[in-house]
Structures are given as C-alpha cells and as structure tokens.
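[1] For reference, the sequence and a predicted model appear below.
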Amino acid sequence: MDEKFIRGIKIDWNKIGKNNYARKIPSIDSINRLDFNSNITFFVGENGTGKSTLLESIAVAYGFNAEGGSKNFNFSTMDTHSDLYKAINVVKGALRPKSNFFLRAESFYNVASKIEEYRDGDDYNTYYESYGGKSMHEQSHGESFLALIQNRFTANGLYILDEPEAALSPQRQLTLLMHIYNLAKKGSQFIIASHSPILLGIPEASILSFDEGIIREIKYEETESYRITELFINNKQLLLNNLLNNE
C-alpha cells in the first residue's frame with residue numbers, strides 16, 4: 001500500500017501558548033510539518049527528547065483516547081497528555097483503516113480494565129476472541145500485550161504504539177517484530193516510539209531520531225539503542241570495569 005492512513009502532520013504553533021511544554025522540547029519546536037513515507041515509522045531518542053509527547057499528540061489529534069485503546073474507547077483516569085494535539089492537523093490519506101489501536105505501555109492496565117467493562121452486553125465468547133479468548137487481567141503483562149496485538153491487530157489497520165517492548169522478553173519482541181512486519185506488508189501502518197534494538201531492526205522501516213534537538217531520519221546502525229547494545233556485547237568486561245570502578 002503506497003497510500004498511508006496518516007500521510008503526515010502539520011503543526012500550527014499559533015494554537016498553543018508560548019509557555020506550552022511542547023515549545024520547550026527542541027526537536028518538536030523545530031518542526032512545522034512531518035511526513036510519513038513508510039508503513040512502519042519509528043520515533044527514537046533519549047528520554048525527554050519528545051518522541052512520546054509527539055506520538056501521543058498525533059494519536060489524540062487523530063481521534064484516539066489519550067490513555068489508549070481503539071477510537072471507540074472513551075474514558076479518562078488522569079489527564080496528563082500535552083495540549084500539543086490542539087495544534088496538530090493530521091494529513092490523512094484517501095483510505096480509512098479497517099482497524100485501529102493506540103497502545104501505551106504505561107497506561108495499558110487502564111485500557112485492559114476498560115476492555116473488561118466494554119464487554120458487558122456483548123456475547124462473552126465472541127468478544128474475547130478479538131483479545132485472544134482470555135481476560136487481559138488473567139495474563140501476564142507481556143502475554144496480554146501480545147494477545148491483544150496478535151488477535152486485535154489486522155491487515156489494513158492503523159496502529160500507534162508507545163514503547164510496546166516494555167513488557168516483552170527479547171524472544172517475544174522477535175514475535176512482535178514478525179507480526180508488525182507481516183501486517184505492514186498487508187497494508188497496515190505503524191507509528192512506534194521505541195528503544196528496542198530488536199524492533200528497530202525491522203526491514204524497510206523509517207527511523208526518525210529526536211536527538212540533537214532536531215527530527216531527522218537515520219539508519220538502524222546509527223541509533224543509540226543499536227550502538228550501545230553492540231558496544232556492551234562486544235566490550236562487556238571493559239565497559240563494566242570503566243563504569244563500576246570509576247568512582
């Protein structure tokens with residue numbers, strides 16, 4: 001699929017105040033427009049560089065609930081999201097996704113709880129088939145993550161994920177990598193904030209770095225996640241000696 005569900009975003013800085021938190025994040029403050037040219041786009045960067053702030057704002061501007069879920073989810077346990085979404089105009093493609101989901105690691109428990117509530121009034125078995133046939137709360141965090149992704153995410157869908165690797169072992173991250181890759185080949189679009197050197201290795205993905213105060217596309221081997229992991233594996237003892245004995 002050449003046509004993306006979200007082709008890009010435009011930011012109208014006149015719609016938010018000069019003291020807004022987003023204006024204090026150099027990487028975000030430096031842009032007026034951002035285009036998405038791949039079915040899989042990663043946001044990468046050090047903590048505090050703005051990747052999750054922008055990802056969340058794009059999701060809310062598109063119509064997702066700030067804490068996650070599909071566009072049908074409508075609840076709030078605590079409003080902590082940025083007002084940046086008010087300034088974002090989502091440039092949509094001609095087609096509408098057949099499925100959609102915004103997955104946030106930090107608020108997934110709240111989404112899982114809401115899933116339990118939303119099943120009321122529906123056929124119990126039919127409802128749970130779309131979430132792996134088992135309550136999210138009756139599985140480990142990682143199991144529930146994968147169950148949701150493997151059963152709820154389908155072809156020609158739009159999925160925005162914030163650090164989906166947080167609850168997953170390296171082996172499960174490989175499972176997620178395969179699932180994302182296969183769905184992207186079937187027309188799904190993913191926008192993902194991640195630190196995972198495993199997920200970032202997905203072929204044909206676009207990687208946007210938020211480091212150095214700008215947003216720019218980089219290669220996999222240029223990501224800090226890859227470089228630090230490679231450094232640690234290849235120079236473990238030397239690195240540990242320098243870190244632990246340098247008091």
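    Thanks, I have it. Given the structure is predicted, the values throughout are model-derived calculations rather than measurements.

[2] tell me, which helix in this structure spans the most residues?
    Longest helix in the chain by number of residues, with DSSP state H as the criterion: helix 170-185.

[3] Which other helices and strands does that one contact?
    strand 40-44, helix 141-152, strand 189-193 (3 or more C-beta pairs under 8 Å, 6 or more residues apart in numbering; DSSP states H and E). Any C-beta I mention is one placed from the backbone N, CA and C, and that applies to glycine too.

[4] wait, which of these is closest to Val60?
    For those, proximity to Val60 was assessed by C-beta to C-beta; strand 189-193 is nearest, at 13.0 Å.

[5] on that earlier part again, contacts for the longest helix of the chain next, please.
    39-40, 142, 146, 149-150, 153-155, 157, 159, 164-165, 168, 190, 192, 196, 198-199, 201-204 (C-beta atoms under 8 Å, 6 or more residues apart in numbering).

[6] Report the buried residues of it.
    Within helix 170-185, the residues that qualify as buried are 172-173, 176-177, 180-181, 183-184, counting by 16 or more other C-beta atoms under 10 Å.

[7] now stretch 197-217
    Judged by neighbour count using 16+ other C-beta under 10 Å, the buried positions of stretch 197-217 are 197-202, 205, 207-211, 215.

[8] just how off-centre is it within its chain?
    Taking the mean of its C-alpha atoms, stretch 197-217 sits 12 Å from the chain's own mean (C-alpha atoms, centre = their mean, to the nearest Å).

[9] End to end on that stretch, go ahead and measure it.
    End-to-end distance for stretch 197-217, by C-alpha to C-alpha, to the nearest Å: 16 Å.

[10] again, but for stretch 202-212
    Length of stretch 202-212, first residue to last, C-alpha to C-alpha: 24 Å.

[11] One more: stretch 191-206?
    Across stretch 191-206, the terminal residues are separated by 10 Å (C-alpha to C-alpha).

[12] still on that earlier bit, now the buried residues of stretch 197-217 in JSON lines, with pLDDT, distance to Ser70 and secondary structure?
    Output for those, formatted as JSON lines (pLDDT from 0 to 100; distance: C-beta to C-beta, whole Å; DSSP: H, G, I helix; E, B strand; the rest coil):
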{"residue": "Pro197", "pLDDT": "97", "distance to Ser70": "29", "secondary structure": "coil"}
{"residue": "Ile198", "pLDDT": "97", "distance to Ser70": "26", "secondary structure": "coil"}
{"residue": "Leu199", "pLDDT": "97", "distance to Ser70": "22", "secondary structure": "helix"}
{"residue": "Leu200", "pLDDT": "98", "distance to Ser70": "26", "secondary structure": "helix"}
{"residue": "Gly201", "pLDDT": "97", "distance to Ser70": "28", "secondary structure": "helix"}
{"residue": "Ile202", "pLDDT": "97", "distance to Ser70": "23", "secondary structure": "coil"}
{"residue": "Ala205", "pLDDT": "97", "distance to Ser70": "23", "secondary structure": "coil"}
{"residue": "Ile207", "pLDDT": "98", "distance to Ser70": "26", "secondary structure": "strand"}
{"residue": "Leu208", "pLDDT": "98", "distance to Ser70": "25", "secondary structure": "strand"}
{"residue": "Ser209", "pLDDT": "97", "distance to Ser70": "29", "secondary structure": "strand"}
{"residue": "Phe210", "pLDDT": "97", "distance to Ser70": "27", "secondary structure": "coil"}
{"residue": "Asp211", "pLDDT": "95", "distance to Ser70": "32", "secondary structure": "helix"}
{"residue": "Ile215", "pLDDT": "97", "distance to Ser70": "27", "secondary structure": "coil"}
